[in-house]
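[1] Provided below for reference: sequence and predicted model.
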Amino acid sequence: MRHRNKTAKLKRTADQRRALLANLACSLIEHGRIRTTLAKAKALRPLAEKLVTLGKRGDLHARRQAVAFLRHKDVAKKLFDEVAPAAKDRPGGYCRITKLGARMTDSAPMAIIEWVDLPGLDEADEAPVAVAEESPAVEEAPEKPAAKKAAKKKAAPKAEAEEETSEAGEVK
């Protein structure tokens, strides 16, 4: 039974697990979004949210605690300067986990963990949606591959002939 066993061990010793989660947290802070296994994302979320809470506090002791966990001063600086101010009005729930499905090689469930309030990520999410809305409602039947190859062959000689005439025009 797993009563009162909250920590996911991830098949690692305590030191290896702490190092793994610190590296995942650094990557999340640095990039804003990472793709990892679902178990690692679920283990990372509480730690990342505690780091944002430290960032919102912003005092010297909180900075030292963040650097002690992350072991990278530049990543801790980004946490306090960019990530925490973006989440200043949110009382909690700073991370979002989106399930992706199984990985091709070993069928491990994959997920994306990202910040909810980070401004740079919203623009990237909206671009594919805008492209999807512009697509025509009625889809045409796709061309056969043989027809596409024939069309390319016909277009290629015309393009070469136009290049030769333009070169000949420059020489004269």
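    Arrived safely, thanks for sending. Numbering: from 1, shown residues only.

[2] where do the strands sit along this protein?
    Taking DSSP state E as the criterion, the chain carries its strands at 33-37, 95-102, 109-115.

[3] which one of these lies nearest to residue 77?
    The closest approach between residue 77 and any of the strands of the chain, judged by CB to CB, belongs to strand 109-115 at 16.2 Å. Backbone N, C-alpha and C define where each C-beta goes, glycine included.

[4] wait, which of the strands of the chain is closest to residue 83?
    Distances from residue 83 to each of the strands of the chain were compared using CB to CB; the minimum, 6.3 Å, belongs to strand 109-115.

[5] show me what that closest one is in contact with.
    28, 32-39, 41, 44-45, 48, 83, 86-87, 94-103, 121 (CB atoms under 8 Å, 6 or more residues apart in numbering).

[6] let's see that with 10 Å instead.
    The list of residues contacting strand 109-115 from outside it, by CB atoms under 10 Å, 6 or more residues apart in numbering, reads 24, 27-29, 31-42, 44-45, 48, 52, 82-83, 86-87, 94-104, 121, 125.

[7] I'd like the average pLDDT over it.
    Averaging pLDDT along strand 109-115 yields 98.

[8] partners of that strand, with directions?
    The strands that strand 109-115 pairs with in its sheet are strand 33-37 (antiparallel), strand 95-102 (antiparallel) (by DSSP bridges).

[9] CA atoms of stretch 25-32 as CSV?
    Coordinates of each C-alpha in stretch 25-32 appear next as CSV, following Å, rounded to 0.1, in the frame of the first residue of the first chain:
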residue,chain,number,x,y,z
ALA,A,25,13.2,23.1,-12.9
CYS,A,26,16.1,24.9,-14.5
SER,A,27,15.0,23.9,-17.9
LEU,A,28,11.5,24.9,-17.2
ILE,A,29,12.5,28.4,-15.9
GLU,A,30,14.9,28.9,-18.8
HIS,A,31,12.7,27.8,-21.7
GLY,A,32,9.2,28.3,-20.3
